[in-house]
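Chemist: need a structure here:
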Amino acid sequence: MPMSIFTRRKRTESMTIEEDAVRFVRLKSVEPLVIDVAEEVILPPNVVVEGKIVDSGTLVTILDGAIEQWGISKRSVQFLAPDQYVIIRKVPYPDDVMTDELKGHFFIEIGSTLYLPFDDPVFDVVPYSPNTETNEAILIASKEDVLDSYEDVLKKVKLDPMKADITPLALYRLAFRQHSFTGKEHILLADLKHGKLTVSIFHEHYPLFMRPVDLENSTDLSVVRELNNDAGIVTPSTIVMEIEKLINFYRYNMWNGAASITHLVVNGEYSRMEELLSVIRERLALNAELLVKQPLELSTGEEIPARFNRTIGLALKEV
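Modeler: Just a heads-up that it's a prediction; the model follows:
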């Protein structure tokens, strides 16, 4: 089963705060997967920007009304750390460091021998058991003051925020149920939202790599935007170009050419999705599929849009 990095204290509600909306999901059953509630409230521009809450007052006001409508006041809630402030790294550690000493070891190493792109990291770490030759761990870190800002907003609307989860793990939980991955695959998850691409890579059910890409500032300027129809929509060629760069990085920098991506799964709402999948299959010679093969449904039978997949995957953490 896919790993879960952050431990949950008790059953919680599941909510994601994204740039375009706040989304809330509650599961009715897991086998089969049936969603009891999938609600969203749209956010105006410039409330959440690049993963940061920049207008907490407006967000609190909107959340107050939504929480009353959803009937979840004073509940515990789990949320996702923004992709822009999440780092995943596979890191070595000495033979004399025991498993229960890993967090203390890396607490000392961060900032001295291990450098992260932010000064105030909060992190968790687990042993990477597939490697039996050397001691390695998966370190997942985020920026503490960014997570604190999310928790502060949730507390202001009388919710009890739990530790944050991360989008790659949430999506992988859902992908695992949809595709029955064995763990032997090298799986690339391509998550599209708001003109951005977040790539994460899994092997043996462990997240090994994550990188957000701003597609609207792609180096391939000739194909960043359509000039005729769908103006402002990032082209499939641009997306595939960025994915190919990261596939090559994974193959040659992380595996020295000994392994490469075997499966590619795409999540998100994109007007040219079928074309994108076709281009991936043709240019990269990969098995490319949607993360959710058939639209998920509410218990009423109503289809749930793909933009809820992150929140649904977060809700699966309860299982």
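Chemist: Tell me the predicted confidence for the residue lying farthest from the centre of the chain.
Modeler: Within the chain, the residue lying farthest from the chain centre (CA atoms, centre = their mean) is D96, at 32.9 Å. D96 carries a pLDDT score of 92 in this model.
Chemist: before we move on, which element is it in?
Modeler: Under the assignment given by DSSP states H and E, D96 is not contained in any helix or strand.
Chemist: Quick check: phi and psi at the residue nearest the centre of the chain.
Modeler: Note on the chain: the residue nearest the mean C-alpha position is T167, at 1.7 Å, using CA atoms, centre = their mean. Recorded main-chain torsions at T167 are phi -60, psi -40, according to degrees, to the nearest 10.
Chemist: how close does it get to L291?
Modeler: Note on T167: its distance to L291, by CB to CB, to the nearest Å, is 12 Å. Bear in mind the C-beta positions are built from the backbone N, C-alpha and C, glycine included.
Chemist: cool, and L277?
Modeler: Note on L277: its distance to L291, by CB to CB, is 11 Å.
Chemist: Please enumerate the helices of the stretch 51-200 of the chain.
Modeler: Ranges of helices within the stretch 51-200 of the chain are 56-70, 102-109, 144-156, 167-179, based on DSSP state H, counting those that start in this stretch.
Chemist: and the longest one, what does it pack onto?
Modeler: Read it as helix 56-70. In terms of contact count using 3 or more CB pairs under 8 Å, 6 or more residues apart in numbering; DSSP states H and E, helix 56-70 is assigned the packing partners strand 21-29, strand 34-42, helix 144-156.
Chemist: Pick the most deeply packed of those.
Modeler: Among those, the stretch with the highest mean neighbour count (mean count of other CB atoms under 10 Å) is strand 21-29, at a mean of 19.
Chemist: just checking, what packs against that one?
Modeler: strand 13-17, strand 34-42, helix 56-70, helix 309-315.
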